[in-house]
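Participant: Predicted model and sequence follow; I will ask about them next.
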Amino acid sequence: MSGKYDAVAERFTDSEYGDPGRYFAHRADLVVSLGRPLEPGDEVLDLACADASFAEPLLARGLRYRGVDASAAMLDVAHRRLGERAVLEKGDVLAYDPPPPVAATTIFRSLHFVDDRVAFFRRVAAYTEKKLVFDASPRRESLALLHTQLREAGWERTSTRPFFVPQHARLPRPVASALEAAERVRAVAALLLRVRFAVLVCAYRGLNA
């Protein structure tokens with residue numbers, strides 16, 4: 001599997017994302033704010049980080065970044081861009097344990113690789129102090145089942161938020177802003193989620209959202 005991604009590492013972000021700046025900045029805002037808020041200095045573990053394009057907006061918000069991926073070529077691209085500003089490690093994202101606990105763990109566009117969701121969520125809970133955040137398509141995944149699996153794994157609370165920045169398209173700014181605003185309008189969001197887009201799922205313990 002890593003060989004597939006090695007071959008596209010140099011052009012990965014440009015080929016996969018139509019507006020990567022907006023996409024990752026909005027994702028970072030939600031990762032910081034959903035559930036228990038993150039504070040400057042908190043460390044985010046980004047599992048299946050690819051070329052670590054998500055690092056920049058997190059670093060800009062005062063967070064520390066640790067990325068893990070199975071592709072050496074992806075990590076090489078990330079190292080060249082980030083230098084010493086982030087910790088980047090090659091490893092199996094389903095078996096990785098960070099040396100110290102982290103404040104938050106994220107895994108995006110990769111949950112479909114996880115066969116035993118409860119075991120994975122429980123493993124992440126053992127080293128994550130504040131929250132786990134991942135994306136899911138409500139057209140392919142049962143959100144109710146995901147919430148049940150998270151509770152079985154020891155995560156007490158969950159929050160969800162639609163994510164309406166398209167992955168492959170760069171939209172005019174007014175349209176993009178309108179879509180982001182629609183994330184907070186329940187009826188509109190429900191209609192849009194029937195045809196496309198994903199939700200971010202945040203699992204956390206302790207404080208209420």
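Facilitator: Cool, got the structure. Numbering: from 1, shown residues only.
Participant: where along the protein do the strands fall?
Facilitator: 43-47, 64-69, 87-90, 102-107, 128-136, 157-163, 198-204 (DSSP state E).
Participant: Contact partners for E16?
Facilitator: Q167, H168 (CB atoms under 8 Å, 6 or more residues apart in numbering). For every residue, glycine as well, the C-beta is placed using N, CA and C.
Participant: nope, V31 is what I meant
Facilitator: Here V31 is in contact with L38, V44, L58, A104, T106, V133, L200 (criterion: CB under 8 Å, 6+ apart).
Participant: mind running it again at 6 Å?
Facilitator: When contacts are counted by CB atoms under 6 Å, 6 or more residues apart in numbering, V31 touches V133.
Participant: ditto for L45
Facilitator: R66, P98, V102, T105 are the contacts of L45 under CB under 6 Å, 6+ apart.
Participant: Looking at pLDDT only, which of those scores worst?
Facilitator: Minimum pLDDT across the contacts of L45 is recorded for P98, with 94.
Participant: Give me the neighbour count for that residue.
Facilitator: P98: 17 surrounding residues under other CB atoms under 10 Å.
Participant: Just the pLDDT for Y5.
Facilitator: Y5 carries a pLDDT value of 70.
Participant: and the closest residue to V87 other than its chain neighbours, what are its bridge partners?
Facilitator: Distances taken as CB to CB, 6 or more residues apart in numbering put R66 closest to V87, at 4.4 Å, once the chain neighbours are dropped. Following DSSP bridges, R66 is listed with bridge partners L45, V87.
Participant: how close does R66 get to F121?
Facilitator: Separation of R66 from F121 (CB to CB, to the nearest Å) stands at 19 Å.
Participant: my guess is S159 contacts L34, does it?
Facilitator: Yes. S159 is within contact range of L34, at 5.2 Å (criterion: CB atoms under 6 Å).
Participant: Give the residues shared as contacts by these two.
Facilitator: Joint contacts of S159 and L34 (CB under 6 Å, 6+ apart) are C202.
Participant: In contact with the closest residue to P166 other than its chain neighbours, which residues are there?
Facilitator: Closest residue to P166 apart from its sequence neighbours, by CB to CB, 6+ apart: G18 at 6.5 Å. By CB under 6 Å, 6+ apart, the residues touching G18 are H168, A169, R170.
Participant: circling back: name the nearest of the contacts of L45 relative to V195.
Facilitator: Proximity to V195 was ranked across those by CB to CB; first place goes to T105, at 29.8 Å.
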